[in-house]
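S.K.: 3D, please:
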Amino acid sequence: MKKIFTTATLALLSIMGMSAQTTIYSWESPQGTPIETGGTIAYVNGDGDRLNYPQADYWTICLNGKKANMNDETASANAGKMVITLDQPLKAGDKIDITAFINKDSSKKASAYLVFENKTAVESEAFSDESNINAAFGGSPTTKTITVPEAEAGTKTITMTRGQAGTNLFITKLTITREGGSETPSLNGKLVIGKVFYVGSIRLNGATPKNYMKHLYIELYNNSAETVDVAGLYIALANSDVAANAWTATDMAAEHPDSAVVKQIFQIPAGAPVLVEAGKSVVITNCAIDHSEIAEGNVNLSDADFEAKSANNAFADHSESVPELTLVKTFGTTDFINFLNPGPDGIVLLPADTDIAGCPETFAKGKDKGNIYYIVPLKNSIDCVDIVKQKTPSADDKRFAEAYDAGFTCTTDPGTFTCQAVARKVASVEGDRKVLKDTNNSSDDFEVLSNVEPRVYGEGVVTGIQTISTKTVESNSIFNLQGQRMNSVQKGLYIINGKKVMVK
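M.R.: Numbers count the residues shown, from 1 in each chain. Below you'll find the model as predicted:
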C-alpha cells in the first residue's frame, strides 16, 4: 500500500488550511525588479514594452491600449494589451485587486478593461482624481476590485487593456485572491495514468466460464520526484458506445469544446490525505484479491489501493482491508468499473475541485432517452488517455481532443481476453525511480505489455514479428489473425503469448 498518514502530515495540512485567503496570482515591481507568482504576464501586439514600465517613482504595468482596438491584428500603441496566463484555474468569486494611479495635470479618468477566456468582459471602477499622483491633485495609488464571474470558473487566461478613455492607467500591484484557504497543489505533470489492464484473460486449468475479467485494473503513477496527495481525485471513463451513437472528440469539438462525455465517474475518498510517494502507484480495481491462481496473467491485487465494491455478483469478490472507491456518477445501475473489452476505454483524471454536480447530462449521440451520461470539462484535467477499439484502431474513435491526448493506444492481439495491458514506456531511470514517458501523445507514450502484473513497467513488451519453428510452439494463448484461439499451429502468422510470431 502506498498511503501514508502521519501526525506531522496532518498537522501540516491543518496549518496550511488555516489561511483565510489564498493568493492565486500576484505581480508587483518594487525597486524595478518584478515579483510575480502564480502565472505569467506578457505585453502583446503593442508598441514598445509597457510591462515593468517606469512612471514617476514606480515600476508599473502600463495600460495604454484601448478596448476598441483590442482585437486589432496590426500591432500599435492602441492595440497593446496584457495577457495573464495563470498556473491554476479561476473560481467564481475570486477577487482581482488592481492597485493603480494616473498622472495628469488635469482632471482625467482611466479604468482597467478585462476580457476572460470565455469572452466575459468586465471593466473596473474608474481611477480618477484621488488616484492622480500629479502634484496638482496629490493623490496616490488606489485599489479597485473585480469579482470573477460564474461563467469564467475554470478558465486560466485574462486579457487586459485600458477601458475608459482619458489617460493611461499605471498598475503598481495586481493580485488575484480566493477566500477559503489553500488549494490542493496541482497534480498536472505529476500524476499520470500509468497502466491499464482492460482486456481480461482465460481461466487456468480449463476452468469455466473460461473468460475472466475480475482482475482488471487502472494504475495511476506518481511520475514526479515528490510525494503527492491524490485525495478527492476523480477518475472518469469515457462513453464506449458503438460508432453511430458514440460522442467522439470530433462531435465534442462542435457541441462542447474542451469537454468529453463520460459514462462513469469514480472518486478517491476525500477528507484525509492519500499520499503517494515518488515513483509509486495507486491501483484501483473491482476485486482486490489474489487472482494469480485463477486466471492467466499472475495478477495479485490483494495489495490494491482502492476497490469498487460492487453489489453485482459478477464482481462481488471483495477485500475488507481495501478502502472503497467512491462511485459518484454512472449509467443505469452499473456499480462496478465498466471496462469494455476490447475497447474503447478512454480514461480522464480530474482534480478534486471539479464541479461534478454541475456537469450537464446527456444521452448517447442521436438519442433522447436511455442511459444518462455526463459532460465533463477537460481544461483542468490532470491526464487523459484515449484507448480505442483494438480491432479497428483509428483516430476517428478518439473521445478526447488532441489538446488532451494527441494520439491513442490499444492492445495489439486481435483476439479478446488476450492477457495484454497498455502501459507507459520507461523514459529514464533516476536512482530506483522509473520516469515514465509523458508527451501528451498516447501513440508514442504507451506500449503493450504481456506482463499484466500491477506496478510493473518496461517488462514483457510486445514487439514486432518473431520467427520460430512449429516444434517450439506450446499450446497456450495462441490465436490466429481473426482472433480465434488455436490448439495447434501450422506454418503462418499467429499471435502467441501476446506477440506476433511467424511459424515456419
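S.K.: drop to CA atoms for contacts and neighbour counts, all remaining ones
M.R.: Will do.
S.K.: So which residues of the stretch 401-504 of the chain form helices?
M.R.: 442-445 (DSSP state H, counting those that start in this stretch).
S.K.: Strands of that one, residue ranges please.
M.R.: Listed from the start of the chain, the stretch 401-504 of the chain has strands (DSSP state E, counting those that start in this stretch) covering 421-424, 426-430, 433-436, 446-449, 466-468, 478-479, 492-496, 499-503.
S.K.: Which of these comes out lowest on mean pLDDT?
M.R.: Ranked by mean pLDDT, the strands of the stretch 401-504 of the chain end with strand 466-468 at the bottom, a mean of 44.
S.K.: Identify the residues contacting the spatially closest residue to residue 145 that is not a sequence neighbour.
M.R.: Nearest residue to residue 145 in three dimensions, chain neighbours excluded: residue 97, at 4.6 Å (Cα to Cα, 6 or more residues apart in numbering). Contacts for residue 97 (Cα atoms under 8 Å, 6 or more residues apart in numbering) come out as 143, 144, 145, 146, 174, 175, 176.
S.K.: element containing the first one?
M.R.: Under the criterion DSSP states H and E, the helix or strand holding residue 143 is strand 142-147.
S.K.: any low-confidence regions in the stretch 51-200 of the chain?
M.R.: Applying pLDDT under 70 to the predicted model, the residue ranges of the stretch 51-200 of the chain that meet it are 180-184.
S.K.: Now do the helix or strand following the strand holding residue 143: which elements does it pack against?
M.R.: The C-terminal neighbour of strand 142-147 among helices and strands, as given by DSSP H and E, is strand 157-162. Taking 3 or more Cα pairs under 8 Å, 6 or more residues apart in numbering; DSSP states H and E as contact, the helices and strands that strand 157-162 lies on are strand 58-63, strand 81-86, strand 112-116.
S.K.: can you tell me which of those comes nearest to residue 278?
M.R.: Each of the helices and strands packed on strand 157-162 was checked against residue 278 via Cα to Cα, and the shortest separation belongs to strand 81-86, namely 25.8 Å.
S.K.: For that closest one, which outside residues touch it?
M.R.: Surrounding strand 81-86, the residues in contact under the criterion Cα under 8 Å, 6+ apart are 25, 38-46, 63-65, 70, 156-161.
S.K.: Sort out which of those residues are buried, if you could.
M.R.: Neighbour-count burial (16 or more other Cα atoms under 10 Å) applied to the contacts of strand 81-86 gives 25, 38-39, 41, 43-46, 63-65, 70, 156-161.
S.K.: what comes into contact with the strand holding residue 143?
M.R.: With Cα under 8 Å, 6+ apart as the contact definition, strand 142-147 has outside contacts at 92-101, 122-125, 127, 130-131.
S.K.: The residue of the chain positioned farthest from its centre: what secondary structure?
M.R.: Among the C-alpha atoms of the chain, the one most distant from their mean position (Cα atoms, centre = their mean) is that of residue 136, at 54.1 Å. Counting by DSSP: H, G, I helix; E, B strand; the rest coil, the backbone at residue 136 sits in coil.
S.K.: what's the distance between it and residue 49?
M.R.: Using Cα to Cα, to the nearest Å, residue 136 is found at 28 Å from residue 49.
S.K.: again with residue 260
M.R.: 40 Å.
S.K.: Likewise for residue 486?
M.R.: With the distance defined as Cα to Cα, residue 486 ends up 71 Å from residue 49.
S.K.: Over to residue 159?
M.R.: Distance of residue 159 to residue 49, given as Cα to Cα: 16 Å.
S.K.: Likewise for residue 85?
M.R.: 18 Å.
S.K.: just residue 379 next, same as before
M.R.: Counting by Cα to Cα, the gap between residue 379 and residue 49 amounts to 31 Å.
S.K.: next one: residue 24
M.R.: 25 Å.
S.K.: Those two: who's more crowded?
M.R.: More crowded of residue 24 and residue 49, by other Cα atoms under 10 Å: residue 24, with 22 against 15.
S.K.: what helix or strand does that one sit in?
M.R.: Following DSSP H and E, one finds residue 24 within strand 21-28.
S.K.: buried stuff in that strand?
M.R.: Of the residues in strand 21-28, those scored as buried under the neighbour-count criterion (16+ other Cα under 10 Å) are 22, 23, 24, 25, 26, 27, 28.
S.K.: Same question for stretch 65-81.
M.R.: Within stretch 65-81, the residues that qualify as buried by neighbour count (16+ other Cα under 10 Å) are 65, 66, 67, 69, 70, 76, 77, 78, 79, 80, 81.
S.K.: For that stretch, measure first residue to last.
M.R.: Stretch 65-81: ends 6 Å apart by Cα to Cα.
S.K.: where do the strands sit along the stretch 151-300 of the chain?
M.R.: Using DSSP E, counting those that start in this stretch, the strands assigned to the stretch 151-300 of the chain run over residues 157-162, 169-179, 191-197, 201-202, 211-212, 217-222, 228-229, 234-238, 259-267, 275-276, 281-285.
S.K.: Residue 402: which of those is closest?
M.R.: When the strands of the stretch 151-300 of the chain are ranked by distance to residue 402, counting by Cα to Cα, first place goes to strand 259-267 at 11.7 Å.
S.K.: Can you name the residues in contact with that closest one?
M.R.: When contacts are taken as Cα under 8 Å, 6+ apart, the neighbours of strand 259-267 outside the stretch itself are 232-240, 247-249, 252, 325-331, 337-338, 372-379, 399-400.
S.K.: and it, what's its mean pLDDT?
M.R.: Looking at strand 259-267 alone, the average pLDDT works out to 97.
S.K.: before we move on, the earlier item: any idea how far the strand holding residue 24 is from the middle of the chain?
M.R.: When C-alpha coordinates are averaged (Cα atoms, centre = their mean, to the nearest Å), strand 21-28 and its chain have centres 24 Å apart.
S.K.: Kindly spell out which helices and strands sit in contact with it.
M.R.: Strand 21-28 is packed against strand 35-37, strand 169-179, with contacts defined by 3+ Cα pairs under 8 Å, 6+ apart.
S.K.: so which of these is the most packed in?
M.R.: Ranked by mean neighbour count under mean count of other Cα atoms under 10 Å, the helices and strands packed on strand 21-28 are led by strand 169-179, which reaches a mean of 22.
S.K.: ok, the strand holding residue 24: who's next to it in the sheet?
M.R.: strand 35-37 (antiparallel), strand 169-179 (antiparallel) (DSSP bridges).
S.K.: who's in contact with that strand?
M.R.: Contact with strand 21-28 is made by 34-39, 60, 86, 88, 172-183, as judged by Cα under 8 Å, 6+ apart.
S.K.: check contacts around the closest residue to residue 202 other than its chain neighbours.
M.R.: The shortest distance from residue 202 to any residue other than its chain neighbours is 4.9 Å, reached at residue 211 (Cα to Cα, 6+ apart). Under the criterion of Cα under 8 Å, 6+ apart, the contact list for residue 211 reads 200, 201, 202, 203, 417.
S.K.: dump the residue contacts of the nearest residue to the fourth one once chain neighbours are set aside.
M.R.: With sequence-adjacent residues excluded and distances taken as Cα to Cα, 6+ apart, residue 203 is closest to residue 295, at 4.0 Å. When contacts are counted by Cα under 8 Å, 6+ apart, residue 295 is found next to 201, 202, 203, 204, 212.
S.K.: right, and out of the residues you listed, which lies closest to residue 453?
M.R.: Within these, the smallest distance to residue 453 is 12.3 Å, found for residue 201 (Cα to Cα).
S.K.: Counting neighbours, what do you get for the closest one?
M.R.: Residue 201 sits with 24 neighbouring residues when counted by other Cα under 10 Å.
S.K.: next one: residue 371
M.R.: The burial count assigned to residue 371 is 14, neighbours taken as other Cα under 10 Å.
S.K.: is it fair to say it lies in a strand?
M.R.: No - secondary structure of residue 371, determined by three-state DSSP: coil, with no strand assignment.
S.K.: what's the spacing between stretch 431-443 and its chain's center?
M.R.: Using Cα atoms, centre = their mean, we find the averaged C-alpha position of stretch 431-443 to lie 15 Å away from the chain's own average C-alpha position.
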